[in-house]
Every structure is written in C-alpha cells, then in structure tokens.
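Engineer: Predicted coordinates and the sequence they were generated for:
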Amino acid sequence: MKAHGPLRGVKVVEFVGLGPAPFCAMLLSDLGADVIRIDRPGAGGGGAADVLARGRRSVGVNLKSAEGVETC
C-alpha cells in the first residue's frame, strides 16, 4: 500500500518504550510517514492486539549486543 498524506517520504525510527511514543508514531504513520519500530527481541509486542502498532513495520533488535548495534 502506498503511503498518502503530508508526511509521505519521511522516515521515522521508533524505539519501543512506554509513554506517548507509540501513540505519536501511530499518528505519524497515519499521516504518511514510513515508521520502523525497533522492538526488544522476544518482547512479543506489535501483534494483532496492539492497536498502537498499526501501519508500521517492526524488527526485534538487541541493542546491547555488538551485532544489534551493527544492524541499526
């Protein structure tokens, strides 16, 4: 599906956490931004029950390992 909206062409990286970040990323995605969500491996987030994850791709990366840092 092609992105539509005023933020089409903008890329955003979301590091999953608590607070307003997931809601903000959802709104940015709704406005057409390409949002990539960085999850903790094995956290189980972003499933069908996670309404705030709609419209975003996600990848599980361990940022405490050298391999995870290289990925980003």
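Structural biologist: Yep, it's here.
Engineer: alpha carbons only for contacts and neighbour counts from here, please
Structural biologist: Will do.
Engineer: Now the longest helix that the chain contains: buried residues?
Structural biologist: With secondary structure taken from DSSP state H, the chain has its longest helix at helix 21-30. Of the residues in helix 21-30, those with enough neighbours to count as buried (16 or more other CA atoms under 10 Å) are Pro22, Ala25, Met26, Leu28, Ser29, Asp30.
Engineer: Nearest to Arg57 among those residues?
Structural biologist: Distances from Arg57 to the buried residues of helix 21-30, taken as CA to CA, are shortest for Ser29 (10.2 Å).
Engineer: do you know how far that closest one is from Lys64?
Structural biologist: 27 Å (CA to CA, to the nearest Å).
Engineer: Outside of stretch 10-29 itself, which residues are in contact with it?
Structural biologist: Residues outside stretch 10-29 that contact it (CA atoms under 8 Å, 6 or more residues apart in numbering) are 7, 32-40, 52-56.
Engineer: give me that answer again for 10 Å
Structural biologist: Stretch 10-29 is contacted by residues 3-8, 30-40, 45-46, 51-56, 58, 72 when judged by CA atoms under 10 Å, 6 or more residues apart in numbering.
Engineer: where does this structure have low pLDDT?
Structural biologist: Applying pLDDT under 70 to the chain picks out residues 1-3, 18, 43-49, 72.
Engineer: ok, which stretches of this protein are helices?
Structural biologist: According to DSSP H, the helices that the chain contains are 21-30, 66-71.
Engineer: Kindly reformat these as CSV containing distance to Glu14.
Structural biologist: As requested, the helices of the chain are exported to CSV (distance: least, CA to CA, whole Å):
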stretch, distance to Glu14
helix 21-30, 7
helix 66-71, 15
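Engineer: Nearest residue to the middle of this protein?
Structural biologist: The residue at the geometric middle of the chain, judged as the C-alpha nearest the mean C-alpha position with CA atoms, centre = their mean, is Arg37 (1.9 Å).
Engineer: Include distance to Val16 when you put the buried residues of helix 21-30 into CSV, please.
Structural biologist: As requested, the buried residues of helix 21-30 are arranged in CSV below (distance: CA to CA, whole Å):
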residue, distance to Val16
Pro22, 7
Ala25, 10
Met26, 12
Leu28, 15
Ser29, 15
Asp30, 18
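Engineer: No further questions, thank you.
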